[in-house]
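[1] Quick one, fold the following:
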Amino acid sequence: MNNDRMPNISMLTDFYEMTMGNGYLKYFGEKTAYFDAFFRRIPDGGGFAVCAGLESVVDYISNLRFTGEDIDYLRGQNIFSAEFLEYLRDFKFVCDVWAIPEGTPVFPGEPLVTVRGPVAQAQLLETALLLLVNHQSLIATKANRIVRAADGRAVSEFGARRAHGTSSALFAARSAYIAGCANTSNVMAAQQFDIPCSGTMAHSWVQMFGSEYEAFAAYAETYPDACVLLIDTYNVLKSGLPNAIKAFDNVLVPMGKRPLGVRIDSGDIAYLTKKIRQRLDAAGYPDCKIVVSNSLDERIIRDTLMQGAKIDFFGVGERLVTSETEPVFGGVYKLCAVEENGEIVPKIKISENPQKITTPYFKKVYRLYERDTGKAIADVVTAYDETIDDTQPYEIFDPDFTWKRKIVTNFRARLITERIFDGGRLVYKLPDINSIKKYCAEQIDTLWGEVTRFENPHNYYVDLSQRIWDIKHDILEKEQYNI
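    Sure, this is the predicted structure:
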């Protein structure tokens, strides 16, 4: 963790977090509450999402404090008590936090982050925590879809100039790398997060010279070990490619070097790349890679490859960093329990929309895997003190259609919820970014192809333990008479 990487964003919060905090302190003091952060729907109709943003949450919490200027601003609102303002001035984070690690494939309804602590503190985290987890999980999920569509071909994140702000550009690059992108064009992100950096030239380089060939020759001479030429400034097949081959012949080959690639950023990608591949091979450059960009996403990539496009490397920008087809990750933060007289009392949010009914109590998440194949069977949300014994048969059931039941045997149960903060003290060792990237790829590989397919993916089950199901439905039955 690098606390200098993220500024103090303690005031980046919704005003109602402050008004509730002020009221909570007045009416409940240090009463302990539990909150879950979870999401309800997978972006783009996919079969899973990729969890990201935990490192940013740790940085945020580690920097959580209120300056004199912050206190003066809040005092100027003329609604906050002196006690609450002093509480913020002397703020010390003392909550417990549990989370699912970054890079884990996750599913609707399961707690990505759980916070336990004084209710005023736990509530205060809502806005920033959701901001960080929602954005980064959204981009990681989109990036992984794009990487899977590329079918083993490298994908570079190219989106800084189209991102929604500087922070968005930085953390989109990090999330995309975790989810499988090979590198980023964003130099600051590469520097801060230890991501490989890549980039070549823009059309302006070609336009600055007297001819296209002069531009290519100059670039090849300047970067003989990293020569990728952009060949679509004027005409790809009539001038760009012939001039690139000429520069390779006249500049690189006499130096004993080989070109890395050519790039196109416009035109009919499938048609052009097939022609480019034929001519490069005929010219003696079968090892020269073909790089394409130009408003790509997973569907365009998949379609062009189905049409026989000859592409080795994709540069993907705006549709990745904005997740253009689904720009919102609908994570929410809901109260799930409080402590009274040393006991955990479940709390529920009820709605006429069944999808918005929350699952109460203090929970954790297990993932069950087949021992023979290593593939994931289902996730089970259990009470905090439950253990799934994978040496014994275990019954899982659909929490909505309870007659759909299955007894699993020969399985492995893995607790995927980890403790991050203990009484305000960081106890989780943040992994390096390449470890997260490797873990992400390994965990996605445990999902069946029916879950990872783009169209009509299989519904991966997030089941409730019998105890959690009973707690939830006991409350629902009681509440229907109390409303």
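[2] average pLDDT for stretch 208-224?
    Stretch 208-224 shows a mean pLDDT of 98.
[3] can you list contacts of that stretch?
    200-201, 205-207, 227, 229, 233-234, 239-240, 243-244, 246-248, 250-252, 255, 257, 259 (C-beta atoms under 8 Å, 6 or more residues apart in numbering). Where C-beta positions appear, they are placed from N, C-alpha and C, glycine not excepted.
[4] Spatially central residue (nearest the centroid) of the protein, please.
    The residue lying closest to the centre of the chain (C-alpha atoms, centre = their mean) is residue 137, at 2.6 Å.
[5] looking at it, that residue is touching residue 54, isn't it?
    No: using C-beta atoms under 8 Å, residue 137 is not in contact with residue 54, being 9.7 Å away.
[6] quick one on the thing from earlier: now the buried members of the contacts of stretch 208-224.
    Buried members of the contacts of stretch 208-224, scored by 16 or more other C-beta atoms under 10 Å, are 200-201, 205-206, 227, 229, 233, 239-240, 243-244, 247-248, 251-252, 257, 259.
[7] Show me those residues that map onto helices.
    205-206, 243-244, 247 (DSSP state H).
[8] could these be laid out in JSON lines, adding distance to residue 286?
    Output for those, formatted as JSON lines (distance: C-beta to C-beta, whole Å):
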{"residue": "205", "distance to residue 286": "26"}
{"residue": "206", "distance to residue 286": "25"}
{"residue": "243", "distance to residue 286": "19"}
{"residue": "244", "distance to residue 286": "15"}
{"residue": "247", "distance to residue 286": "17"}
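[9] Return the member of those residues nearest to residue 264.
    residue 244 (10.8 Å; C-beta to C-beta).
[10] So the closest one versus residue 259, what's the distance?
    8 Å (C-beta to C-beta, to the nearest Å).
[11] shared neighbours of the two, anything?
    The contact lists of residue 244 and residue 259 share residue 229, where a contact means C-beta under 8 Å, 6+ apart.
[12] neighbours of residue 223, just the number please.
    15 (other C-beta atoms under 10 Å).
[13] Ramachandran angles for it?
    The phi/psi pair for residue 223 (degrees, to the nearest 10) reads phi -130, psi 60.
[14] And residue 147, by the same measure?
    Torsion angles, degrees, to the nearest 10, at residue 147: phi -60, psi -40.
[15] show me what contacts it?
    Counting by C-beta under 8 Å, 6+ apart, residue 147 has contacts 155, 179-181.
[16] Equivalent analysis for residue 319, please.
    142, 295-297, 325.
[17] Pull out the buried residues from the helix or strand encompassing it.
    Per DSSP states H and E: residue 319 is located in helix 318-321. Neighbour-count burial for helix 318-321, counted by 16+ other C-beta under 10 Å, picks out 319-321.
[18] where does it sit relative to the chain's centre, distance-wise?
    13 Å (C-alpha atoms, centre = their mean, to the nearest Å).
[19] Contacts for the helix or strand just after it next, please.
    Sequence-wise, the next helix or strand downstream of helix 318-321 (DSSP H and E) is strand 331-340. Under the criterion C-beta under 8 Å, 6+ apart, residues 31-40, 112, 114, 119, 125-126, 129-130, 133-134, 137, 344-349, 358-363 lie in contact with strand 331-340.
[20] could you give me the average pLDDT of the very next helix or strand once past strand 331-340?
    Using DSSP H and E, the helix or strand that follows strand 331-340 towards the C-terminus is strand 343-346. For strand 343-346, mean pLDDT is 97.
[21] now do stretch 169-188
    Computed over stretch 169-188, the average pLDDT equals 98.
[22] now stretch 113-126
    Stretch 113-126 comes out at a mean pLDDT of 98.
[23] how about low-confidence regions in the stretch 351-483 of the chain?
    Residue ranges of the stretch 351-483 of the chain with pLDDT under 70: 480-483.
[24] what ranges do the helices span in it?
    Using DSSP state H, counting those that start in this stretch, the helices of the stretch 351-483 of the chain run over residues 433-444, 449-452, 466-479.
[25] Make TSV out of those and add distance to residue 403.
    Output for the helices of the stretch 351-483 of the chain, formatted as TSV (distance: least, C-beta to C-beta, whole Å):
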stretch	distance to residue 403
helix 433-444	31
helix 449-452	22
helix 466-479	13
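[26] hey, which of those helices is tucked in deepest?
    Comparing the helices of the stretch 351-483 of the chain by mean neighbour count (mean count of other C-beta atoms under 10 Å), helix 433-444 ranks first with a mean of 17.
[27] related to what we said a few turns ago, buried ones among the contacts of strand 331-340?
    When the contacts of strand 331-340 are checked against 16+ other C-beta under 10 Å, the ones flagged as buried are 32-39, 112, 114, 119, 125-126, 129-130, 133-134, 137, 344, 346-348, 358-363.
[28] Among these, which are located in strands?
    Those of those mapping onto strands are 32-39, 114, 344, 346, 363, per DSSP state E.
[29] would you list those residues in a markdown table and tack on distance to residue 468?
    Formatted as a markdown table, these follow (distance: C-beta to C-beta, whole Å):
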| residue | distance to residue 468 |
| --- | --- |
| 32 | 20 |
| 33 | 18 |
| 34 | 13 |
| 35 | 16 |
| 36 | 12 |
| 37 | 17 |
| 38 | 14 |
| 39 | 18 |
| 114 | 13 |
| 344 | 12 |
| 346 | 9 |
| 363 | 6 |
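[30] Now for those: which two are most distant?
    32 and 39 (24.9 Å).
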